[in-house]
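Visitor: Predicted structure and sequence below. I'll ask about it afterward.
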Amino acid sequence: MAGRGFGTWLREGVWAIPLRRYLAVLVSAALVVGLVFVVRVLTHDDRACAAGVVHPEGSDDCVGVSTTAYDFGRPQLRDAVRAIDRENDSLKPGAYVTVALMLPYTASTPSTLSDIQHELQGAYLAQWEANHAANGQSPSIRLVLANPGATSDHWKQLVDQLEPMTRSADRLRAVAGVGMSTDNNKKAVAELTRRGIPVVGSSITADDLANGQGGRDPFPGLARVSPTNTDEARALASFAKVSAGRALLVYDKPGDPYTRTIQASFAKLIKGSPYEPQPFTPPADRTQEGTTANTFRQITHLVCDTSKETDTILFAGRHTQLRQFINALGGRGCQDRKFTLLTGDEGSYLTGEKALDRSALKHNLSIRYTSLAHPDAWAKDTAKTGGSARDAKVLSDLLARSGRAPVGPIGPVALDDGQLIIGYDAMTLVVHGIREATPDGRTAPPLADVGLQWPQVKGSLRVSGASGWICLDVHGNPYDKAVPIVELTPEGDSRFVKIAWPEGRPPGKECLPPS
Amino acid sequence: MGRRLHGRGALFDAEPAGLAPRLVGLRPHQHRTTPYEHPRELPFVLLTGSRGLGKTAVLGELRSAYKGHTPVALIDCAHSAFAAPSGGRPAEAWSPVSQALLVIAEQLAEPVTGAGRIVFPRLMSGLVAVAAGGWNDADSERIRREVERILLLNEGGSWIAGFAGRWAGRVAANVVAAATGTGPLVSASIEATLESFSDSFVHRRHAKAATWYRDYPNASGNARRGLMLLSGHFRAGGTSREHAERHLVRALLADLTEAYAGMLPRMQRLGRPLVLIDNAQSAPGPGLTDAVLRDRADGIADQVVFIGALRGDGRPALRNAVRRALPEVTRRSGWTPDPAAPSSRALLVALPPLSPDDTLHIVGAACADLPVPPQLPHTTRRLTGGNPLGITLLAESAAQNLPEATSLGELLTADVRPHEESDGAPTYLELLGRLVPADRREELTVLAAAHDHDSAVALAEALLPDDFGPADIRSLQTRLAREGLPEIPGQFVGDAFVRTLLLLALHHRDADHGQWRTAHETLIAHYAPPEDGDGDGAGGDDDPVRARYRLHHELALGDAESAVAYLRDTFPSLPAATWLRSLRFIASAPYFHAHDADGHDFTGRDDRRADVALGRTDAGHPPPAGVDGVLHLRVRRLLHAVWRLTDPLALPDPKVADRLRFELEQLSNLRPAGNALLWRASRDWAEDAAAGRALRVPDEADDEGVA
């Protein structure tokens, strides 16, 4: 039979004999199933990074909501993520609600990543505080990590993933974080709030990523912990006493919501300035170097060309460009002239920035910027109202315990950039809103009610954050929030200068925004 | 894949299924099922026919068609292994049937596609019991040899083969020890064999087998006692032995049934096992056949396909068998057993001669690369009458001797080597060796010239030793009839092909053809006209039958004159039909060598008969004085024309046939009384001769069918 071909062998040697036929059918079926499985495994581009986290179409990014100890491939986040997972695992099912901390965890820039690490640590500490040191208040808080991608490009996918969690056993009740005031984040917040998910922005400062613009609330349910850029600019102005003839504005064109707000605030301050504002155009991803260094070298010449009274440079841009500008200023021709560069909270990214030419700061150049928070701001009671050393001590005590169990470890902490403090405060605000919205005898608040709490956060219901009092106006924006002014030192640290107030003075004891 | 058999499609066809596939349930040479024709009871098929009809070839082809696909066993009952016990076994512990069962089981045990070996525990026990009856004075070596061969029947060839082999060795040792020890020997051997089952690891199957002999008559539910009785019956001989043999056959069939029973075997095995029995007319063939037929008639069913080859057309024991010719069973055998007659469970299928087409194919296949004379297949078929052996050997001879040999006669006398390794022998001797009984070939060679018992006796007196008397002649006649050779009045050997070969052998017996002449002269003398008018019956002159015999032999010796004279003189007086018959018979005289002008053999290749028939020699042959010269020459031409045209060794010549028609036509004008008959013959004979058929006398009743 061997010489008669495979077909004959198959038909007569296998198919004709029932036992072999059945075995062959079984084996073939098993092979087919195995083959299908193998083919699927091989062809199926496994897009999963971890549970709930996938590679989006055409991207290596890991986007999604991580409910496990997945660190998004960033080792520096590992300790904090594990601490959160540990804390989440200790919660009783049904007794918790979930808060998603939305941050671009997969960002590659070291400064951004360190900000994220610190905000994550702060949020975790607030979670731990809420679950362990709050007299058994319910519900417990479960923290999950929501990543919209390094540049938040995949915010839509993330929102689509978050929304069902509000109805599932996750009981998602709020999204915190959000991070920088980028267009994508703005769209993400708009979509989240449109779907009724309350959002608490921690470090967003842009004016147009806030409610109350011209009396409208485009983001119903959004609350912010940080002052708007306008408030920052106002605080900065009240601190610096800038006048039109002495300042030159350098701004990002076309800019993003953050830079545009800063630009607008600065422009208002120096209205009638003899110097035309100097634009620069960075790459779309503002963490990239691009070719703006050249632009800044040219602007440096313009700076030197100004009249002698001019000693202030107002910078409306992101931190990468800020660093490039500072480096350019370090090589300016007029080293003998003293300049103070004022900018928004982006300046906080420069602490610990390796690419910064620190020698520039030794040559009559001081960099001052508003910080979202600063550890030295409330080292002592700087002001009678608007914050207190006691409030700040709650966090510093927690931090002292965070190096080891049961709180930690959460990885190395650094407070200079304020992100940990602001993350802590944002999370504290979220917990406050959730618990205020939870009816007596219930374990979880209705989703919509959480967002309705924000206007009530004032007066005695204010949140006494580590960065200062958080009193929200009817639009969910902080009222007269303490703005620490910080100076960058040549050593790469930040030095607290003083607290500035958007209103020019601390808020009243009752902390009620004027109507 | 074996050679293709010609003209046996009714047996082997796959689509639509021939008889064998319908019985076995498998397509030949394939491992594919085909529907059964007899799903419940199946016939014991016996292929019948005389020697040379290809029965052995059919069985061989059946074996090669099914070997490896289903268990197949082929035994040749004429083999010497079944004639007498070997290896010192006493006759009381051996019979052809027991030997045949052992051989059949050994062959059936072989693994086939999809399934492993078959074990025969029942047959094994029975054979051990039978063999043990002959171990009284045996040495242990012989016992070991015998018992081990039998025990191998129980060896399954699967992964447990290693254990099984050890098992057989251990049991053999036990049996030998038991047999050579003190005490009742048979009983001890049986005990050892049966005990071996109980401790065997294939316990369940063996336990079933061990209890099988409980049902032996009078065993009273004791298997050991059953085997003892079996052994005793076998030794007793006679009908007791037949009884025991039937049980052994039944054991074989039970083992086969067991091998096909159950879920797993049904999913592994296709079709039915096939047992082929060649030469079933000789022992152990009848024993096996009768045992199977009786069991089947008794309702002990089995699903084993038996196909045997039976020389002749059946034994008396098979008188109720269903008889069919092969073409009748092409689509359906139409066999239904008669419950009252066991032998009706046999189906006798007569193998027919091969057709001219088959002949053409066989010759074409044998002489693939040779230019074959176009008439050769046709004349081969005419000479052999479709005998497959004759056609095959002649084709082989043609393949080996063409183009030197030009005529059939030369092909017959030329040497042929049927196999590569065999020595060459004249083709006709090779054929005779296989077509007639070897022990009576000498006698038949002489007697082939005879026409009836009396002439045979005359020939025997003249040419055969004295101890071959009339009784031997009668027994030879009976034997030929039993072997399936046709009985034809007027010929001692009925089959024309065999007779031609025998006469050729007689002719070539000695260089000067002395015996050939003696034989014919003896018969001429035997049929000599009565001296005077005191003769019986036919009256004073000459009985036409005796005359035509005598003249036939004279013509065989080359003397045509007296035949011409007789035919010329009787033409006006004899009835036309009788005259035509005489003409035909006289002209059927053999013509093996070219004759010279005097009618004597000579070595040339010249055939003068055509010349004479066409009138080319008339000028040199003046008619005797006082006779009608025209009639004389016409009869002479006619005689030679018929002689030439009916010679099986010569090619039909259309010109001679034409002449034959003309001469008969002319003769019809001379005989107003027989006009119509002669005229009819002129047309028929010319046609028949041209077509190579035997000449028919118009209005001929079958009662006088002289060949």
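Guide: Happy to help now that I have it.
Visitor: Can you find the residue of the stretch 151-300 of chain A that comes nearest to chain B?
Guide: Scanning the stretch 151-300 of chain A for the residue nearest chain B gives A:Ala169, at 51.7 Å (criterion: C-beta to the nearest C-beta). The way it works is simple: take the backbone N, C-alpha and C, and place the C-beta from them, glycine included.
Visitor: For A:Leu145, see how far away that residue is.
Guide: Noted for A:Ala169: a distance of 18 Å to A:Leu145, by C-beta to C-beta, to the nearest Å.
Visitor: and the two? which has more neighbours close in?
Guide: A:Leu145 (29 against 9; other C-beta atoms under 10 Å in any protein chain shown).
Visitor: where are the low-confidence patches of chain B?
Guide: B:1-3, B:138, B:156-168, B:179-184, B:196-206, B:531-542, B:593-606, B:699-707 (pLDDT under 70).
Visitor: Could you chop it up by domain?
Guide: Chain B breaks down by automatic domain parsing into domains covering B:1-70+B:270-352, B:116-269, B:356-431, B:436-505, B:527-531+B:539-702.
Visitor: Also chain A?
Guide: According to automatic domain parsing, the domains of chain A span A:63-226+A:383-479, A:230-370.
Visitor: Export those to a markdown table and append columns for distance to B:Ser455 and mean pLDDT.
Guide: Below are the domains of chain A laid out as a markdown table (distance: least, C-beta to C-beta, whole Å; pLDDT from 0 to 100):
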| stretch | distance to B:Ser455 | mean pLDDT |
| --- | --- | --- |
| domain A:63-226+A:383-479 | 116 | 86 |
| domain A:230-370 | 127 | 85 |
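Visitor: before we move on, back to that, compare the domains of chain B and give me the one nearest A:Thr259.
Guide: Nearest of the domains of chain B to A:Thr259, taken as C-beta to C-beta: domain B:116-269 at 80.7 Å.
Visitor: End to end on that closest one, go ahead and measure it.
Guide: Using C-alpha to C-alpha, to the nearest Å, one end of domain B:116-269 lies 9 Å from the other.
Visitor: Kindly report the same for stretch A:41-57.
Guide: Stretch A:41-57 end-to-end distance (C-alpha to C-alpha) = 17 Å.
Visitor: Which positions within it qualify as buried?
Guide: For stretch A:41-57, the neighbour count (16 or more other C-beta atoms under 10 Å in any protein chain shown) marks A:Cys49, A:Ala50, A:Gly52, A:Val53, A:Val54, A:His55, A:Pro56 as buried.
Visitor: How about stretch B:69-79?
Guide: For stretch B:69-79, by 16+ other C-beta under 10 Å, it's B:His69, B:Thr70, B:Pro71, B:Val72, B:Ala73, B:Leu74, B:Ile75, B:Asp76, B:Cys77, B:Ala78.
Visitor: what's the spacing between that stretch and its chain's center?
Guide: 18 Å (C-alpha atoms, centre = their mean, to the nearest Å).
Visitor: Dump it to PDB, keeping only the CA atoms.
Guide: What follows is stretch B:69-79, C-alpha atoms only, in PDB (Å, rounded to 0.1, in the frame of the first residue of the first chain):
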ATOM      1  CA  HIS B  69      -6.600  -6.800   4.400                       C
ATOM      2  CA  THR B  70      -8.400  -9.600   6.000                       C
ATOM      3  CA  PRO B  71      -7.100 -12.900   7.400                       C
ATOM      4  CA  VAL B  72      -6.500 -15.300   4.500                       C
ATOM      5  CA  ALA B  73      -5.400 -18.900   4.500                       C
ATOM      6  CA  LEU B  74      -4.700 -20.900   1.400                       C
ATOM      7  CA  ILE B  75      -4.000 -24.600   1.600                       C
ATOM      8  CA  ASP B  76      -3.500 -27.000  -1.300                       C
ATOM      9  CA  CYS B  77      -5.000 -30.400  -0.300                       C
ATOM     10  CA  ALA B  78      -2.800 -32.100  -2.900                       C
ATOM     11  CA  HIS B  79       0.300 -30.900  -1.000                       C
END
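Visitor: hmm, back to that, most tightly surrounded among the domains of chain A?
Guide: Highest mean neighbour count among these (mean count of other C-beta atoms under 10 Å in any protein chain shown): domain A:63-226+A:383-479, with a mean of 21.
Visitor: which one's the longest helix in the chain?
Guide: Just going to use chain A. Determined from DSSP state H, the single longest helix within chain A is helix A:18-43.
Visitor: That was the other one, I meant chain B.
Guide: helix B:238-260.
Visitor: could you say what helices and strands it packs with?
Guide: helix B:96-108, helix B:121-132, helix B:203-210, helix B:223-236, helix B:285-297 (3 or more C-beta pairs under 8 Å, 6 or more residues apart in numbering or on different chains; DSSP states H and E).
Visitor: about what we covered before: could you dump the buried residues of stretch A:41-57 into JSON lines and include pLDDT and secondary structure?
Guide: Putting the buried residues of stretch A:41-57 into JSON lines (pLDDT from 0 to 100; DSSP: H, G, I helix; E, B strand; the rest coil) gives the following:
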{"residue": "A:Cys49", "pLDDT": "80", "secondary structure": "strand"}
{"residue": "A:Ala50", "pLDDT": "80", "secondary structure": "strand"}
{"residue": "A:Gly52", "pLDDT": "82", "secondary structure": "coil"}
{"residue": "A:Val53", "pLDDT": "82", "secondary structure": "strand"}
{"residue": "A:Val54", "pLDDT": "83", "secondary structure": "strand"}
{"residue": "A:His55", "pLDDT": "82", "secondary structure": "coil"}
{"residue": "A:Pro56", "pLDDT": "78", "secondary structure": "coil"}
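Visitor: Need these in a markdown table (columns: distance to chain B).
Guide: Shown next, in a markdown table, are these (distance: C-beta to the nearest C-beta, whole Å):
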| residue | distance to chain B |
| --- | --- |
| A:Cys49 | 51 |
| A:Ala50 | 50 |
| A:Gly52 | 50 |
| A:Val53 | 52 |
| A:Val54 | 49 |
| A:His55 | 50 |
| A:Pro56 | 54 |
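Visitor: quick one: secondary structure of the spatially most central residue of chain A?
Guide: The residue lying closest to the centre of chain A (C-alpha atoms, centre = their mean) is A:Gly179, at 2.1 Å. Using DSSP: H, G, I helix; E, B strand; the rest coil, the structure places A:Gly179 in coil.
Visitor: same thing with A:Leu248?
Guide: At A:Leu248, secondary structure determined by three-state DSSP is strand.
Visitor: rewinding a little: dump the buried residues of stretch A:41-57 into a markdown table; add distance to A:Asn88 as well.
Guide: As requested, these are exported to a markdown table (distance: C-beta to C-beta, whole Å):
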| residue | distance to A:Asn88 |
| --- | --- |
| A:Cys49 | 18 |
| A:Ala50 | 14 |
| A:Gly52 | 13 |
| A:Val53 | 15 |
| A:Val54 | 20 |
| A:His55 | 24 |
| A:Pro56 | 25 |
